[in-house]
Structure formats: structure tokens, C-alpha cells
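Novice: okay, structure incoming, though there's no sequence with it:
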């Protein structure tokens, strides 16, 4: 049996590559409730069915930062498993609402790579991640820079 390989090294990520991540997650009411409680987001649109039914969407909306957290987590086996650090997130966009019972999938495109100028054992990978639901509708996008170990140091 081969051990699990968590993440890719800097050299293995190619600019222009698109990765469809294998992890996915159906969001249950309990996920949304726990996340709302944990993060102290008590907006009734996320926790009160009566209130949500009277809103524009007519149903409870999943907390956007839960969707963001799930999307980041789903990329770990491919993007940041060998990371030294996530350096920054940018351009986070909530593109469509996410509801209880939606299933989230994620894909990532490698936009750029920069070798470290000061440490030869690492480099920065710039990626854009898109989360989408079971209907193929994009629900979230974001970009980030990840400092990733090199497999071979010259």
C-alpha cells in the first residue's frame, strides 16, 4: 500500500493547469448552524426559517464564509498540502446563493509561479479557485498566493 501524498510540490504545479478537486461536500442544516454559532454570525437569514421564508430567497442561506472555508479546505490535497504558508487571499466573490442541501465542488487554475528570491527551497504559486454547486452554477471565487516547498533544491 502506498502512503497518501498530501499536496503537490512547487515544481509539480504548472502555470495554466486546471485542477478539478476530488473532494466535495453537501451542506447540511447542522453544518450551517454550527458554523453560525462558532463564528458568532447570528443573522436570522442563516438561522431563522420563518425570517428566511420572508426574505428575497425564501429559504435559509448558507453563511458565505462557510462556503469559502469549505472551498479552501477542498483544495488542500492538491494545492496547499505541501505549503509553508498561505500568504494572502484576494478578490473573494460570492457569485450566487448557497442553500441547505447544495453540494459544493471546487476547481482551481494555476495563474502564476514565482521562485523565492531569498530561499531556494520554496516558491510562490498564485491560483484562482472556483466553487460551484450541483447545478454547475458558480457560487464563489477567490485568488490566493501560497508559499510551497520545492521537491528538489539545487
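Specialist: Happy to help now that I have it. What you see is a predicted model; the values in this text were computed from it and never measured. Numbers count the residues shown, from 1 in each chain.
Novice: can you get me a residue count around residue 136?
Specialist: 7 (other Cβ atoms under 10 Å). The C-beta positions use only the backbone N, C-alpha and C, and glycine is treated the same way.
Novice: residues contacting the nearest residue to residue 20 once chain neighbours are set aside?
Specialist: Spatially, and ignoring its direct neighbours in sequence, residue 20 is nearest to residue 107 (4.8 Å; Cβ to Cβ, 6 or more residues apart in numbering). If a contact means Cβ atoms under 8 Å, 6 or more residues apart in numbering, then residue 107 has 18-21, 129-130, 132 as its contacts.
Novice: quick one, longest helix in this structure?
Specialist: Criterion DSSP state H: the longest helix present in the chain is helix 64-75.
Novice: stretch 19-38: which residues count as buried?
Specialist: 19, 21, 25, 27, 31-32, 35-36 (16 or more other Cβ atoms under 10 Å).
Novice: going by distance to residue 42, which of these wins?
Specialist: residue 36 (6.5 Å; Cβ to Cβ).
Novice: now that closest one: which helix or strand?
Specialist: Element membership of residue 36 [criterion: DSSP states H and E] is helix 29-38.
Novice: continuing past that helix, what's the next helix or strand?
Specialist: helix 44-47.
Novice: chain center to the helix or strand that that next one is followed by, what's the gap?
Specialist: Next in sequence after helix 44-47, counting helices and strands by DSSP H and E, comes helix 49-53. The chain centroid and the centroid of helix 49-53 are separated by 28 Å under Cα atoms, centre = their mean, to the nearest Å.
Novice: contact partners of helix 49-53?
Specialist: So helix 49-53 is contacted by 44-46, 58-61 (Cβ under 8 Å, 6+ apart).
Novice: which ChimeraX command selects the buried ones in these?
Specialist: In ChimeraX, this line selects whichever of those come out buried by 16+ other Cβ under 10 Å:
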select :46,60,61
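Novice: which stretches in this protein count as strands?
Specialist: Shown for the chain, the strands assigned by DSSP state E span residues 18-20, 25-26, 83-94, 103-115, 122-132, 138-149.
Novice: turn these into TSV, columns for distance to residue 67 and mean pLDDT.
Specialist: Output for these, formatted as TSV (distance: least, Cβ to Cβ, whole Å; pLDDT from 0 to 100):
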stretch	distance to residue 67	mean pLDDT
strand 18-20	18	96
strand 25-26	10	98
strand 83-94	8	96
strand 103-115	6	97
strand 122-132	6	97
strand 138-149	5	97
